[in-house]
Every structure is written in C-alpha cells, then in structure tokens.
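Participant: okay, sequence plus prediction incoming.
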Amino acid sequence: MTGTMKAIRIHETGGREALRLEEVAIPEPGPGEVRVKVEYAGLNFIDIYQRTGQYRLPLPFTPGLEAGGVVDAVGEGVNEVKVGDRVAYCMVNGAYAEYAVVPAVKLVPAPASLGLDVVTALMVQGLTAHYLAISTFPLTKGHTALVHAAAGGAGRLLVQVARRAGARVIATVGTEEKAALARSAGADDVIIYTQTDFVSETRRLTNGAGVDVVYDSVGQSTFYGGLDCLRPRGMMVLWGQASGPVGPFDPQILNQKGSLYLTRPSLGAYVATREELLWRANDLFSWVQAGELDVRIDRIFPLTEVAEAHAYIENRQTKGKVLLKP
C-alpha cells in the first residue's frame with residue numbers, strides 16, 4: 001500500500017511540545033513482519049520516559065509500545081496470523097500512528113468476544129500484573145503483598161491477580177476516590193498515603209510481621225519505606241519509577257533489614273518467547289471472559305490530543321487504562 005498516514009513523531013526529547021503530529025509514509029512489512037491498522041494505542045509511563053529522554057531511543061521516533069488493531073498486510077514467511085485477524089501487541093515502538101509494522105511473533109490473537117479496547121488495555125499493564133504476581137514473586141494463599149499505586153491501570157489489575165492467587169493485599173493510594181477503586185479491585189486493606197504513614201500502617205496491619213512482597217512502581221519516594229515493610233527474607237519488586245529513579249544504594253541495607261531480596265524486573269524479559277507471551281495473554285483473556293478480571297478503560301483521547309493524554313498520565317490522574325484512537 002502506498003500513501004501516507006498520520007503519526008506522532010519525536011525529533012528531540014523534552015516536554016509535551018516534542019510530540020508532533022505528522023504525515024509520514026505508510027510502512028511496508030518485511031519478512032516475518034505484519035502491518036497492523038491501529039484501532040487503539042495504549043499509553044504507558046514508559047512513553048513519558050522515552051519522550052523526556054530518560055530512556056534513550058534513536059531520533060526521530062514514533063512512540064507507543066502497545067496497540068490493538070486488524071492485520072492489514074503480511075510479509076514473507078508469516079504464518080502466525082493472516083490479513084483480517086484482530087490482534088494486539090506490546091514492546092514494539094511505533095503505536096502512536098494509523099498503521100504499525102510489527103514482528104509476527106509479537107502479535108497476540110484477540111478473542112472474538114473481547115473488544116479491541118479491552119485487549120489493548122491488557123497488553124502492557126495486564127501482562128505486567130501477570131508476571132509480577134505469577135512469576136516474579138509467585139503469590140499463593142497465605143502470602144501478604146503490599147501494592148503501591150493500586151488504583152492505576154497496572155496497579156488495579158495487579159491487585160485483582162494477587163487476590164485471585166489467594167494473597168492478602170494491602171494497597172496504597174493517594175486519594176479517597178482511588179481508595180474506592182482499590183477496594184473495588186479486591187484490596188483487603190487500603191492505606192491513603194497522603195493521610196497515613198504507609199510504613200507504620202503496614203506494620204500495624206501485619207501485627208509487626210511485615211509483608212512477604214512489596215510491588216513498587218513509584219520508585220524514589222516509596223523505595224526505602226517499602227524495605228521497612230518487608231518481613232525477613234521478603235522481596236522488594238521495584239518495577240517502575242513514577243516518582244523518579246532510585247539512586248545507588250548499599251546492598252548491605254538488605255542484610256541489615258533481614259536478608260531481603262531485591263529485583264528490578266521489566267516486561268520484555270517475561271514475554272521473551274512467543275510461548276510465554278501467549279500463555280500470559282490467554283490467561284488474562286480467559287479471566288476477563290469468566291468475569292474474574294475487571295479491566296477499567298479510563299479515558300480515550302484522539303491522536304490529535306496526545307499532549308493532553310501525556311499530561312493526564314504525568315499528573316497522576318489515571319484511574320485505569322488510557323488509550324489513543326488514531
């Protein structure tokens with residue numbers, strides 16, 4: 001297909017003004033690649049890190065790591081999907097556009113019974129919740145987990161997956177409204193950290209024992225407090241840095257606080273093979289279909305309002321998934 005499409009391009013990293021809507025050539029799929037007509041692109045905090053230059057990419061680039069849409073063309077040697085298939089994907093840049101070219105092995109077939117908005121919303125955030133609760137620290141009955149930012153898109157899904165695994169969940173949120181969202185996701189206890197010190201409250205809620213695992217996507221402002229919430233040999237899972245990166249620290253602290261574990265996981269390593277990607281995605285789809293997982297779509301912005309969408313995420317206003325509609 002020749003012609004042009006609308007896409008967001010970043011020519012130099014910086015503020016929201018770096019997001020430029022441009023007409024570019026429609027890309028052609030090469031061997032093993034598929035072109036997807038994008039119905040929805042997902043917004044994630046990593047898009048902010050890439051736009052500001054905190055995570056560096058070769059310039060210029062089209063941001064967006066996840067999308068859902070319909071296969072529009074296939075390259076040579078593709079047998080995973082065919083033209084007309086509804087699909088979704090993540091961990092491939094270029095989703096803020098009308099069309100995207102993606103390696104076929106990264107595509108997940110979308111179940112007929114689920115909307116592409118829901119399927120797209122499950123890619124980064126759903127797969128993240130799955131790997132955190134099922135693989136990084138495999139939760140089972142008897143475990144207690146502390147989940148920070150529990151009302152956000154990934155946080156609310158993580159609460160649900162953790163509860164489904166049988167764990168007790170203590171959630172932290174910033175407002176009363178977000179507390180209600182965390183409770184509706186199944187959190188057993190909710191701490192509004194703007195009103196109550198989350199460390200002393202977590203200690204109180206666990207009768208001084210501490211939690212088995214802390215899932216921290218906030219970073220700088222919660223990291224050291226989180227270490228103080230862990231029981232001996234507990235695990236700190238630092239999977240994001242919404243408040244800024246955690247600086248260098250002395251590993252001796254882990255010894256002093258009770259032989260703690262620390263990991264800094266990211267999604268790519270947990271969907272490294274097609275088998276693992278499909279296992280996680282199909283688990284999520286089946287849970288949604290069974291009514292065991294609630295996906296909350298918060299806002300859908302048109303592509304032309306991408307700067308407003310970034311502002312919405314940066315100002316911590318999200319109460320679920322934020323999508324772009326090309």
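Facilitator: Yep, that arrived.
Participant: please name every helix or strand in contact with the helix-or-strand element of the chain with minimal mean pLDDT.
Facilitator: Every helix and strand in the chain was compared by mean pLDDT, DSSP states H and E; the lowest is helix 45-52, with a mean of 93. On a contact count with 3 or more C-beta pairs under 8 Å, 6 or more residues apart in numbering; DSSP states H and E, helix 45-52 meets helix 306-314. Using the backbone N, CA and C atoms, a C-beta is placed for each residue, glycine as well.
Participant: and the helix it packs on, what does it pack onto?
Facilitator: In this structure, helix 306-314 makes packing contacts with helix 45-52, strand 297-302, strand 321-325, judged by 3+ C-beta pairs under 8 Å, 6+ apart.
Participant: centre of the chain to the longest one, how far?
Facilitator: Going by C-alpha atoms, centre = their mean, to the nearest Å, the spacing between the C-alpha centre of helix 45-52 and its chain's C-alpha centre is 13 Å.
Participant: what residues sit buried inside that helix?
Facilitator: Neighbour counts using 16 or more other C-beta atoms under 10 Å place Phe45, Ile46, Asp47, Ile48, Tyr49, Gln50, Arg51, Thr52 of helix 45-52 among the buried residues.
Participant: burial of the closest residue to the last one other than its chain neighbours, as a residue count?
Facilitator: When you say that, I think you mean Thr52. Distances taken as C-beta to C-beta, 6 or more residues apart in numbering place Thr13 nearest to Thr52, at 5.9 Å, with adjacent residues excluded. Thr13: 17 surrounding residues under other C-beta atoms under 10 Å.
Participant: quick one, what contacts Thr13?
Facilitator: Gln50, Arg51, Thr52, Gly53, Arg56, Leu59 (C-beta atoms under 8 Å, 6 or more residues apart in numbering).
Participant: pretty sure the fourth one contacts Gly14?
Facilitator: Put plainly, it is Gly53. Yes - if you go by C-beta atoms under 8 Å, Gly53 and Gly14 touch, sitting 7.3 Å apart.
Participant: for the longest helix along the chain, list the C-alpha coordinates in CSV.
Facilitator: Longest helix in the chain, counting residues (DSSP state H): helix 274-289. Taking C-alpha atoms only, helix 274-289 is exported to CSV below (Å, rounded to 0.1, in the frame of the first residue of the first chain):
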residue,chain,number,x,y,z
ARG,A,274,6.1,-16.5,21.9
GLU,A,275,5.0,-19.4,24.2
GLU,A,276,5.3,-17.3,27.3
LEU,A,277,3.6,-14.3,25.7
LEU,A,278,0.6,-16.4,24.6
TRP,A,279,0.4,-18.2,28.0
ARG,A,280,0.2,-14.9,29.9
ALA,A,281,-2.1,-13.2,27.4
ASN,A,282,-4.5,-16.1,27.1
ASP,A,283,-4.7,-16.4,30.9
LEU,A,284,-5.7,-12.8,31.1
PHE,A,285,-8.3,-13.1,28.3
SER,A,286,-9.9,-16.2,29.9
TRP,A,287,-10.1,-14.4,33.3
VAL,A,288,-11.8,-11.4,31.7
GLN,A,289,-14.2,-13.7,29.9
